[in-house]
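> return a 3D structure for these sequence lines:
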Amino acid sequence: MASATYAVTTDKSIESAIEALTDALSRRQFSVLWHLDMNEKLIQKGLEPEPPFHVLEVCSAPRAKEALRTTQIVGYFLPCKLVVYQDRETGKTTLGLPDPEALLDLSRSLLAGRLGPRDNRHFTRSRRGGSAITWLLSTPPQLALIVVR
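Here you go, the predicted structure:
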């Protein structure tokens, strides 16, 4: 069974990885809508902190609009969620997100029988195909690779 996530590791610190990721997103017209420092929240609730774990919700408004115009079902996956964390076993900084193909497969199953041939083509193209949804969901992995370098 294929993994439902996409992740890469880097030698950068958590803070440096988040900064590099935010910069790379900005250059590609994505913005960070929300940043959750999970340990900050755990401590607020009186719980013991874990290894650092951050959740970033990101969006490119033009890409989101195009994807939503195709089908509102894609709204269930917006904004795009990226995580940056310290791997518990290796101590390495890891950047990850849900695998775009897994999200597209889920979209296909949610939409089974509800799309006409014209709409369905957006869900059958490869990552290189250029549909709004594929581009929206496949752009963050490319950004993660940029951050690692």
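> show me where this structure has its helices.
14-27, 38-44, 61-70, 100-111, 117-120, 132-148 (DSSP state H).
> for the shortest one, give the mean pLDDT please.
Confidence over helix 117-120 (mean pLDDT, whole number) is 42.
> over to the fourth one?
Helix 100-111 shows a mean pLDDT of 65 in the predicted model.
> and if you look at the third one?
For helix 61-70, mean pLDDT rounds to 83.
> what does the last one give?
Over the span of helix 132-148, the pLDDT mean works out to 43.
> likewise the first one?
This predicted structure assigns helix 14-27 an average pLDDT of 90.
> what's it packed up against?
Judged by 3 or more Cβ pairs under 8 Å, 6 or more residues apart in numbering; DSSP states H and E, helix 14-27 is in contact with strand 31-37, strand 53-59, strand 80-86, strand 93-98, helix 132-148. To be clear about C-beta, it is placed using only N, CA and C from the backbone, and glycine gets the same treatment.
> now that helix and strand 31-37, what's the angle there?
The directions of helix 14-27 and strand 31-37 differ by 160 degrees, with axes from the mean of the first three to the mean of the last three Cα atoms, to 10 degrees as the criterion.
> mind listing what's buried along helix 14-27?
Of the residues in helix 14-27, 14, 17-18, 20-22, 24-25 count as buried by neighbour count, 16 or more other Cβ atoms under 10 Å.
> and which of those is nearest Ile73?
Of all the buried residues of helix 14-27, Ile73 sits closest to Leu25, with 24.0 Å by Cβ to Cβ.
> just give the closest residue to the closest one, not the sequence neighbours.
Once flanking residues are discounted, Leu25 sits nearest to Val58: 5.6 Å by Cβ to Cβ, 6 or more residues apart in numbering.
> can you tell me how far the closest residue in space to Ser3 that isn't next to it in sequence sits from Trp34?
Take Ser3 and drop its neighbours on the chain: the residue closest to it by Cβ to Cβ, 6+ apart is Asp99, 6.2 Å away. To Trp34, Asp99 is 21 Å away according to Cβ to Cβ, to the nearest Å.
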